[in-house]
Each structure stands twice: as C-alpha cells, then as structure tokens.
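>>> coords please:
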Amino acid sequence: MPEPFPEIHPPSTIKDVLTALDEIIAWSMATQSRLGYFAALYKKVTLHVQKGIEKDFFEDGPRMERLDVVFATRYLVALGAFQAGEKPTEAWQVAFEAAGKWRYLILQQLLAGINAHINLDLGIAAATIAPRDQLPALRLDFDRINEILFSLVKEVEEEIGDVSPWLSWLAHIGGKLGDELIHFSLGLARRGAWRLARRLAPQPEEDWGTDMANRDRGTARVGRDVLAPGPFLRWGVALIRLRESNDIRRNIEVLARLPDVRLEVVEARRQLRSPLP
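Residues are numbered from 1 along each chain as shown. The predicted structure is shown next:
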C-alpha cells in the first residue's frame, strides 16, 4: 500500500515549518520521490534562518520569523494541493511535475523549485508581512535571506559530486549557457521578487490577483527554461544525467548533509552585491 502523503498543517512558527519539512523528507525517502530534493535544501535554508534569528543576524527577528512562516506556507500549500490532485500555481506545477521525471538533473529540479519560491512566493510573502510603508524597512533582511539561499546553492554545486560526478562539466560544455543554467539569474530573481513586493505592498490583498497571475506565468516560463535549455546544452545535460545517481534516498541524504554556511560570510557577500532598486 502506498505511503500516504503527510497531512500538512499551516505552520505558525519556524519550528512548525521544520516539522513539516521533516515529514515531507521522510515521506520522500520512503517513497523514493524526488520531491524530497527541494525539501531537503529548504530545510537547510530554514535552519539557517532560525540560527540567524537566534544570533541577531537579522534586524528584526520576530518579523523574520513571520516572513519565514508566510514564505514557507506558500510552498507547503502548493505541495499539498499538488499531492491532492489540485492545481497549485503554475510555477510550482512546473517544478513538482519535474520531480516525477527521470531526465532532469538534481540541480535542475532544485532550481525549478527555487525559481517558483523566489520569483513568485518571496515577493508575495514580503508584501504580506510588510504592507504599505512598512516594506522599505524589510529590505536588508530580505537581502539576507536571499543570500543564505544563494550561498547554499553554491554549496550544492560543490558538494554533490558523489551523486553527480560530471556536474562540474556543465560550465565547460555549455560555456556561458552552462553557467546561466547553474545560476539561472539568481540575482534577477531576487530583484524581481522585490519589485513584485513593491507593486503589491501599497494595494489591499484582494487586489493582488492580476499582478500575481502575471508573475506566476512569467515565473513558470523561467522554470521551463531551466528544465529545457538550448539544444547543445541539452545533450550535455543528458550525458551528465547518465552518470548521476538514481538512488533518490541517497541523493536526499547528501543534500541534507550540506555544510552550514557562516553568517558572517553571508553578510560579506550581501555587502558586495549592488543594492536593490
């Protein structure tokens, strides 16, 4: 009898978010589901946010916990809807459907999830917890949570060689295109999320529908591009995939073991980036 998908309750705290992610990861390992790849990476992000709050890394710890919870809830609700046979946002539909297909690299599946979560969900979450004139005060902590995620993506590239030994060839065989696939304009995603938050924040939430729908369609297009790069690069990705591990449980365990990133390094990287418009 198939392992039932865990019942997801809307979280109220970061601890609740971590509990939900643990349940999704355990289910994914038991059922050999690639949905566990993003959940494992997202758990590492959430643990770093929790650590940052405890160490006063963020300007406003309670506000950051609210952002983390609202942000995570959008992913959890989308995944629950998908597993129930309902339609999540188009961007998440692209990412979740990719998890059911063998041909995509672990990194592609992670980036499809990151794309949906940053390009669409983060701006909505930011406007939700910092509406109207409260939004500008969130900008620094918004940058910091982004930098935590981007730092962990860099660790993925460096640490998954045991399960994807040819991944490092991607930049060589694809040149600039390969580099773009790996990073898929993470900086542009961050900037786009902030612009979305700035559009939404002055409006009542009941008026957000058109902006959210337009952003969802555009984000879904980016996700499809990540999963289907140009013809030349596609052949290289296919070769890398042939050497990549098919042991989903092991792959999830490797992602769960990603080393921690130091918050002082995160902050140094943030300061090197150009400010958001």
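>>> List of residues touching stretch 203-213?
By C-beta atoms under 8 Å, 6 or more residues apart in numbering, the list of residues contacting stretch 203-213 from outside reads Leu120, Ile124, Ala127, Thr128, Leu196, Arg199, Leu200. For every residue, glycine as well, the C-beta is placed using N, CA and C.
>>> same deal with stretch 136-149?
Stretch 136-149 is contacted by residues 45, 48-49, 52, 57-60, 63-64, 67-68, 114, 118, 122, 126, 129-130, 190, 193-194, 197, 261, 266-267, 269-270, 273, 276 when judged by C-beta under 8 Å, 6+ apart.
>>> Stretch 100-107 too?
34, 37, 98, 112, 156-157, 160, 163-164, 167, 182, 227, 237-238, 240-241, 244, 246, 251, 255.
>>> swap the cut-off to 6 Å and go again
The contact list for stretch 100-107 (C-beta atoms under 6 Å, 6 or more residues apart in numbering) reads Tyr37, Ala98, Ser164, Leu227, Arg241, Asn251.
>>> quick one: which of those residues is nearest to Thr73?
Using C-beta to C-beta, Tyr37 is the member of the contacts of stretch 100-107 that sits closest to Thr73, with 20.1 Å.
>>> right, and the closest one touches Ala112 too?
No: using C-beta atoms under 6 Å, Tyr37 makes no contact with Ala112, being 9.8 Å away.
>>> picking up where we left off before, please flag which of the contacts of stretch 203-213 sit within strands.
Among these, no member falls in strands (criterion: DSSP state E).
>>> which one of those residues has the most neighbours?
Leu120 (29 neighbours; other C-beta atoms under 10 Å).
>>> what's the distance between that residue and Arg221?
For Leu120, the distance to Arg221 (C-beta to C-beta, to the nearest Å) stands at 12 Å.
>>> Lowest mean pLDDT among the helices and strands of this structure, which one is it?
Among the helical and strand segments of the chain, the one scoring lowest on mean pLDDT, DSSP states H and E is helix 176-183, with a mean of 49.
>>> low-confidence ranges in the stretch 101-250 of the chain?
Residue ranges of the stretch 101-250 of the chain with pLDDT under 70: 169-185, 230-232.
>>> In it, what residue spans correspond to helices?
Along the stretch 101-250 of the chain, the stretches classed as helices by DSSP state H, counting those that start in this stretch are 106-115, 123-129, 139-159, 170-174, 176-183, 186-200, 209-227, 231-243, 248-256.
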